[in-house]
Structure formats: C-alpha cells, structure tokens
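S.K.: return a 3D structure for these sequence lines:
(3 chains)
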Amino acid sequence: MKTRVVGSVALLAVIAAAIFGLFVVPADLNQGDAQRVMYVHVGSAWLGELSFGLAALAGLGYLWRRDLRFDALAHSAVEVGVLFTAFAIWGGMMWGKPVWGVFWQWEDPRLATTALLLALGVGYLLLRRLSDDPARRASRAAVVGLIAGLDIPIIHFSVVWWRGLHQGFTIGDPGKVLHPSAPLQFVAALLGMLAAFTLTWTWLMIRRYQLARLESQIEDDVRMSRINAARGAATTSTGPSTEPEPAR
Amino acid sequence: MTDVGYVIAGYGVILGGIVVYVALLLRRLRVAREALRRDADATPPDATPPDARR
Amino acid sequence: MSELRRGLAVALAIARKDATSELRGRQAAGSTLFFAAIVLLLFGFALGPDAQRLAQAVPGLLWLAIVFGGLLTMARLHQLEAEDGALEQLALYPVDRRAIYAGKALAGAAAMLVLGGLLVPVVAVLYAVPVGAGWLPLLAAVVLGAIGFAAVGTAYAGLTVRMRAREVMLPLLMLPIVAPLLLAAVKVTVTALGGDPFGEQWAWLQLLAGFDVIMLVVGAGTYGFLLEE
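M.R.: The predicted model follows:
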C-alpha cells in the first residue's frame, strides 16, 4: 500500500518536473532548448550511479552474510542501474548533437565513461544468466558487482585527470557553453527532476526487489519438485523423506 | 532536426522508457505471482513443505 | 607472524608451480606471445601506411596487444588446474585463500611482464619508435600495468573458469574494468616516448599504482568466495 503511494507521488513529481523543465523554465541563452535535455540526462546518470553503488554494497552484504535477499537487492539494483545508465547515454547524445554538433566525442570523455558503466552492468546481468546454482551465482555476481563498484570512482578519477590536463576543448562552439547568467530556475528544474527521479527509482527498486524474491521462490520450488520427483521415483515408500534440505 | 526535435527525442525515450519498464515490471510481477499460486495449488498435501526463506 | 610466513610460503609455492607449467608448456605461453605480435602486425595493415599516423598510435597499439595477449594468458593460468580438478583440491587445503590468490596473481604478473617486455622491442622495430630516454617510465608502466591486469585477471579467471561461455565472459567482464588501467598506461607510454608537455606522467603513474592496490586488495579478499563453489 505504501508502495502505491510512493508510486503515485513519483508519477506526479515526474510529470510536474517535466512540465517545468520543458515549458516553464526559459531556454539557455547559449545552448537554447537543448539545455532542457540535461534535466533528464543528469537525473538518469545520478540514478545509474546510485544503483551501481547500492549493488556493490549489496554484493558485499551477500558475501558477508550469505543471505540471498542481498543478492536479490543487488540484481534489482543492477537491472535498474543499466536502464538509467542507458537513458543517461541517450540523453547525453541528444544533448550532444545540438550543442557539440556530434552525437559522440572523446575530448570530454564523460559519455564514454558512462558507456563503460553500461558495459559493467550488462556484464553483470549476462554473468547471472550463465549461472544456475543460486549460491554460486550470488557469489560470482557479488564479486563482479563489488569490483565494478570500486572501479567506478577509479574511472571518474581518470576522467578528471584526462580532462583537467588538456584545457580548451576544440569540439563544439565555445559560445555554446552554459551561459554564466544561468538562472536559479535551471537549478530548480534540475533538482526537481532529480527528486522526482529518485522517488521513481525508489518505487522501481521496491517492485523489482519483490519480483526478484518471487523468482527466487519459484526457482526453489522448481528445484524442490525435481528433487521430490527423483525421490518419488527412487523410493518405494508412500511419502517423501522429511529430511530438511540445506537451503542454498 | 531542430533542437526541439532532440529535446523531444531525449524526453520521449527516457520518460517513455521508464513507462515501458514499469509496465513490463508489473507484468512480470503478475506472471510470477500466478506461477507461485499455481505451484501452491498443484503441490500435493503430503509433499515436503517449502523451505523457510532465508 | 608465522601465519604471514606460511602464507608467503604458500604464495611463492603456487607462483613457482605456475611459472614451471608456463615454462614447460612452452608452446602455450609462446603462442600467446606470437599471437600478440601478429596483432601488432595487423595494426600496421589496418592503420598504415602513413608512418606518422602509426607512430602516434604506437602507445595505444602496444597496450591493446598487451591486453589481448593478457586475456589469453590469464585464462590459461587457471585453465590447467580447472581441467585437472586441481582447483577443487586447492580449495580443500586449509590455507589462507589470500595466499593462493597472491601466488596466482604473482605468476600472472610475471607472465604479463614477460609479455609486455617482449612486445616493446617488437613495437620499436615494427613502428620505428626510439625508446631511449623514456625507458624508465615505460618500464614502470609495464610493471604496474602487469600487476594491475594480473590482479583483476586472477580474480575474474577464477570466477569464469568453470562457467559456460567462459571464453567470452572473461574478456567481457575484464575489459571495462581495466579501461582506466589501459588509459593510464597509454598516457605514461605517450609521455615516455614523446615528451611530457603537461607534466601529467606522475599523475597517471599514481592512478596505475592506486588501481593496482585497490584491485589486489579486493581480489585477495574475494578470491576465497570464488574457490569454494
């Protein structure tokens, strides 16, 4: 029930922030309407990073406690993270074409590093698909998620160095830099969309986690029924044995 | 394409993408719940009960 | 303290064992080196024939060849044990997992060092690049790069060695992780070979070192979980 409330509020917030960013806030003096894309681009990038950070921590939690709920949380976080990272790249490209003149460039490598994040997330999801045993899958995923999570700040540092050491970009119109008199409304629009996105993310995480737990249960049931079938075929007694199975 | 076109493409794909993901997520949840209900119905009364969830 | 000494002894024993198999199975290690050299050759066909363009690309080409060769190397170091079931045996020994990791990472770093060290003269000849004065930072880059790549590779090879589609999963998982290492190593190589107008070499070397430390710590910490499957 509370989740529904979160969801409804999130929906309204996103609509409100979108209307604000698209129609109420003025266009930037230099970048024009293209600047509006930033509101959803930055929001998506933020959610991507938040998700992967959470996934790394959840993975650590699983390695520490061996509780599959941590694994479900990590899986959910990465899936949602990949979604928003993909959005961030798309937003970056939709902003880049009008402002830089190209969809992609390498002098400001932030788009490329976001693509790296996407690759890390997709790798994680593929890894999960190739493992069947829940405990093994959870261990592998946790290690990959943890290493990937630690790599993210390293990637950011390398970008800071990469950009900071080469002043003066040659791509794009220097006149297209965000006008210094960017009004407070820009900040408000950005923060508003960030808040709305974060609410949406919360709802998505709750639902995706619920799904992960259900799927885990289904997986267990399938395995139990296979074990029971094998037992039923092997033994001649009327009922299956009642030895407890190690739930792994 | 004018700048406005890119803005529409940007917002459209991102916000639309969220909507699509939400729809898919809700459907997956529904499918999963039904699957569990079917499993529960199908389980014969004397079978081993499901393990306690960790 | 004897705990530490025992751990070191185990690590060295494992490293020595791996080094021995590498030297004995000479064909495998040699083949990898040859493969990397062919890759370097192919770059010439793909990017040539303008000498200036090639010269500019050399640092990147060198490190790409090291990375591709490195992927094969890291996979190979785990494969032999996996095939013989020795990995399970290793997991049964009551020895600190970190020592096992350290041993394998050490062997991996050594193999990478040999790979990198032998590819530098190949590059120097193929693309007429004088190494000369910049040999020290270049050496540092190769050493730090070898350590970092082996640190990540040991963990990921241990992870993927018994998986389906392991041939593609190892590169797929590793390449995004080592992207900063690749970047930093190339930057150091660029400044080593062509001068350092922005004074950035030290920053990149620090990034390499930081990467190595972080990955070694995480690798050692998590390797145990990957063995006990």
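
S.K.: next, count neighbours for A:Ala200.
M.R.: Just so we're on the same page, residue A:200 is Thr rather than Ala. A count of nearby residues for A:Thr200, using other C-beta atoms under 10 Å in any protein chain shown, gives 24. Heads up, the C-betas are built off the backbone N, CA and C, glycines and all.

S.K.: in a helix, it, correct?
M.R.: Yes: judged by DSSP: H, G, I helix; E, B strand; the rest coil, A:Thr200 forms part of a helix.

S.K.: quick one, what contacts it?
M.R.: A:10-11, A:13-14, B:18 (C-beta atoms under 8 Å, 6 or more residues apart in numbering or on different chains).

S.K.: could you redo the last one with a cut-off of 10 Å?
M.R.: A:6-7, A:9-11, A:13-14, A:43, A:47, A:80, A:84, B:15, B:18, B:22 (C-beta atoms under 10 Å, 6 or more residues apart in numbering or on different chains).

S.K.: go on, A:Ala138?
M.R.: For A:Ala138, the contacting residues are A:59, A:62-63, A:66-68, A:70-72, A:74-75, A:128, A:131, A:216, A:248, C:225, by C-beta under 10 Å, 6+ apart.

S.K.: tell me which of the contacts of A:Thr200 is nearest to chain C?
M.R.: For those, the residue nearest chain C by C-beta to the nearest C-beta is A:Phe84; the value is 17.2 Å.

S.K.: check which helix or strand that closest one maps to.
M.R.: helix A:68-100 (DSSP states H and E).

S.K.: quick one: C:Arg53 and C:Trp63, what's the gap?
M.R.: 17 Å (C-beta to C-beta, to the nearest Å).

S.K.: more neighbours: which of the two?
M.R.: The neighbour count for C:Arg53 versus C:Trp63, taken as other C-beta under 10 Å, is higher for C:Trp63 (27 against 10).

S.K.: near chain A, anything from the helix or strand where that one lies?
M.R.: Element membership for C:Trp63 (DSSP H and E) is helix C:51-84. No: residues of helix C:51-84 are not located near chain A by C-beta under 10 Å from any C-beta of the partner chain, the shortest gap being 12.3 Å.

S.K.: hey, where'd the strands end up in chain A?
M.R.: For chain A, strands defined by DSSP state E do not occur.

S.K.: and for the nearest residue to A:Ala55 once chain neighbours are set aside, the neighbour number?
M.R.: Nearest residue to A:Ala55 in three dimensions, chain neighbours excluded: A:Ala77, at 3.9 Å (C-beta to C-beta, 6 or more residues apart in numbering or on different chains). Neighbourhood size, A:Ala77 [other C-beta under 10 Å]: 29.

S.K.: A:Ala77 touches A:Met205, doesn't it?
M.R.: Yes: counting by C-beta atoms under 10 Å, A:Ala77 touches A:Met205, with 6.8 Å between them.

S.K.: mutual contacts of these two, please.
M.R.: With contacts defined as C-beta under 10 Å, 6+ apart, the residues shared by A:Ala77 and A:Met205 are A:50-51, A:54.

S.K.: so the worst-scoring helix or strand of chain C on mean pLDDT, near chain A or not?
M.R.: The weakest-scoring helix or strand in chain C, judged by mean pLDDT, DSSP states H and E, is helix C:86-92 (a mean of 77). No: using C-beta under 10 Å from any C-beta, helix C:86-92 stays clear of chain A, coming no nearer than 12.7 Å.

S.K.: tell me the buried residues in stretch C:207-216?
M.R.: C:207-208, C:210-212, C:214-216 (16 or more other C-beta atoms under 10 Å in any protein chain shown).

S.K.: same deal with stretch A:60-68?
M.R.: By 16+ other C-beta under 10 Å, the buried positions in stretch A:60-68 come out as A:60-63, A:66, A:68.

S.K.: hang on, the earlier thing: the contacts of A:Thr200 also near chain C: which ones?
M.R.: Applying C-beta under 10 Å from any C-beta to the contacts of A:Thr200, one finds that nothing falls near chain C.

S.K.: buried ones among the residues you listed?
M.R.: By neighbour count, with 16+ other C-beta under 10 Å, those hold A:6-7, A:10-11, A:13-14, A:43, A:47, A:80, A:84, B:15, B:18, B:22 as buried.

S.K.: columns distance to C:Leu42 on top of the residues you listed, output as a markdown table?
M.R.: A markdown table is the format used below for the buried ones among the contacts of A:Thr200 (distance: C-beta to C-beta, whole Å):
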| residue | distance to C:Leu42 |
| --- | --- |
| A:Val6 | 55 |
| A:Gly7 | 54 |
| A:Ala10 | 52 |
| A:Leu11 | 53 |
| A:Ala13 | 53 |
| A:Val14 | 50 |
| A:Gly43 | 43 |
| A:Leu47 | 41 |
| A:Val80 | 40 |
| A:Phe84 | 38 |
| B:Leu15 | 45 |
| B:Ile18 | 44 |
| B:Val22 | 47 |
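
S.K.: can you tell me which of these are in helices?
M.R.: Of these, the ones assigned to helices by DSSP state H are A:6-7, A:10-11, A:13-14, A:43, A:47, A:80, A:84, B:15, B:18, B:22.

S.K.: Serialize the residues you listed to CSV and add fields for distance to C:Leu40 and pLDDT.
M.R.: Converted to CSV, these look like this (distance: C-beta to C-beta, whole Å; pLDDT from 0 to 100):
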residue, distance to C:Leu40, pLDDT
A:Val6, 56, 92
A:Gly7, 55, 93
A:Ala10, 53, 94
A:Leu11, 55, 94
A:Ala13, 55, 94
A:Val14, 51, 94
A:Gly43, 44, 95
A:Leu47, 42, 96
A:Val80, 41, 98
A:Phe84, 39, 98
B:Leu15, 47, 96
B:Ile18, 46, 97
B:Val22, 49, 97
